[in-house]
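K.L.:
Fold the stuff below for me.
(2 chains)
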Amino acid sequence: GAVVSQHPSWVICKSGTSVKIECRSLDFQATTMFWYRQFPKQSLMLMATSNEGSKATYEQGVEKDKFLINHASLTLSTLTVTSAHPEDSSFYICSARTPGPRYQPQHFGDGTRLSIL
Amino acid sequence: AQSVTQLGSHVSVSEGALVLLRCNYSSSVPPYLFWYVQYPNQGLQLLLKYTSAATLVKGINGFEAEFKKSETSFHLTKPSAHMSDAAEYFCAVGGYNKLIFGAGTRLAVHP
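P.N.:
Sure thing, here's the model as predicted:
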């Protein structure tokens, strides 16, 4: 149980392109999803918290207009990297929290490796 | 505020040897603690979680962790390392809204 699917797993595109990444909770409803960025050999950096039916909460220093987050249903959140540039190249990972008490863990997708040429 | 410190960015053990990955936390409220494992080019997989029910927590793949409030620690152990345990391990503290991750420990297992 508690499976999170992330798509695509790998994207290579030209500078200036917008890229959409999907995160789906397959067997549970997730009112809250999270988007992380991970640089090589580093830990995860929380970018934003995505709440179903409301605006995402972005961490300090994360550009809202660059990283658009939409959580349109209880099983789907999307991250769109707008006008991507080489510095946006990274490993992006989403997670979804299973419903219940606050100690319920987050379950992670397999990540999306984004390479901007 | 909450934070996590993982001592040792790299740990190397022989196959069959004890695995010990260290995690110390700081939290102004009773903490919820988690260990995750990450294999190359993959997301994170939950190994185990501490939710105050029991101080010794057993997880998947033979791992366990012990919560020690007096030492503010939540170290991860496995009695006998397997080659397939080679991966990056992250300790995290938090709960409802955010997880705060440690820097990670890369575990190498050699024959």
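K.L.:
For stretch A:95-102, which outside residues touch it?
P.N.:
Here stretch A:95-102 makes contact (CB atoms under 8 Å, 6 or more residues apart in numbering or on different chains) with A:2, A:4, A:23, A:25, A:28-34, A:36, A:77, A:104-109, B:32, B:43-44, B:51, B:95-96. All C-beta spots, glycine's among them, are computed from the backbone N, C-alpha and C.
K.L.:
Could you do stretch A:103-110 as well?
P.N.:
With CB under 8 Å, 6+ apart as the test, stretch A:103-110 has contacts from A:2-6, A:9, A:23, A:25, A:34, A:93-98, B:32, B:34, B:36, B:42-46, B:49, B:51-52, B:95, B:99.
K.L.:
Separate out the buried members of the residues you listed.
P.N.:
By neighbour count, with 16 or more other CB atoms under 10 Å in any protein chain shown, these hold A:2, A:4-6, A:23, A:25, A:34, A:93-98, B:32, B:34, B:36, B:42-46, B:49, B:51, B:95, B:99 as buried.
K.L.:
Pick out the residue closest to the middle of the chain.
P.N.:
You didn't say which chain, so I picked chain A. Residue closest to the average C-alpha location in chain A (CA atoms, centre = their mean): A:Trp35, at 3.4 Å.
K.L.:
oops, chain B please
P.N.:
Centre-most residue of chain B, counting by CA atoms, centre = their mean: B:Trp35, 3.8 Å.
K.L.:
That one is in contact with B:Asn61, isn't it?
P.N.:
No. Assessed by CB atoms under 8 Å, B:Trp35 is found out of contact with B:Asn61, at 10.8 Å.
K.L.:
Tell me who's in contact with A:Val11.
P.N.:
A:19, A:21, A:112-115.
K.L.:
sorry, back to before: which other helices and strands does the host helix or strand of the residue nearest to the centre of chain A contact?
P.N.:
Element membership of A:Trp35 [criterion: DSSP states H and E] is strand A:32-38. The contact analysis (3 or more CB pairs under 8 Å, 6 or more residues apart in numbering or on different chains; DSSP states H and E) places strand A:32-38 against strand A:19-25, strand A:44-51, strand A:67-73, strand A:76-81, strand A:90-97.
K.L.:
Return the most buried member of those strands.
P.N.:
Of the helices and strands packed on strand A:32-38, the one with the most neighbours on average (mean count of other CB atoms under 10 Å in any protein chain shown) is strand A:90-97, at a mean of 25.
K.L.:
what's the next secondary structure element after it?
P.N.:
strand A:106-108.
K.L.:
that older thread, who touches both of B:Trp35 and B:Asn61?
P.N.:
B:Leu47.
K.L.:
B:Ile100: how many residues sit nearby?
P.N.:
The number of residues packed near B:Ile100 is 19, by other CB atoms under 10 Å in any protein chain shown.
K.L.:
Beta-bridge partners for residue 90, please?
P.N.:
Unless you meant another one, I'm taking chain A. Assessed by DSSP bridges, A:Ser90 has beta-bridge partners A:Leu114.
K.L.:
I was thinking of chain B, sorry if that wasn't clear
P.N.:
On the basis of DSSP bridges, B:Phe90 is bridged to B:Tyr36.
K.L.:
who's in contact with A:Thr82?
P.N.:
Taking CB under 8 Å, 6+ apart, we find A:Thr82 in contact with A:18, A:65-68.
K.L.:
now, which of the residues you listed sits nearest B:Gln6?
P.N.:
Distance to B:Gln6 across the contacts of A:Thr82 (CB to CB) is lowest for A:Phe67, with 27.3 Å.
K.L.:
how near is that closest one to B:Thr51?
P.N.:
A:Phe67 sits 32 Å away from B:Thr51 when distances are taken as CB to CB, to the nearest Å.
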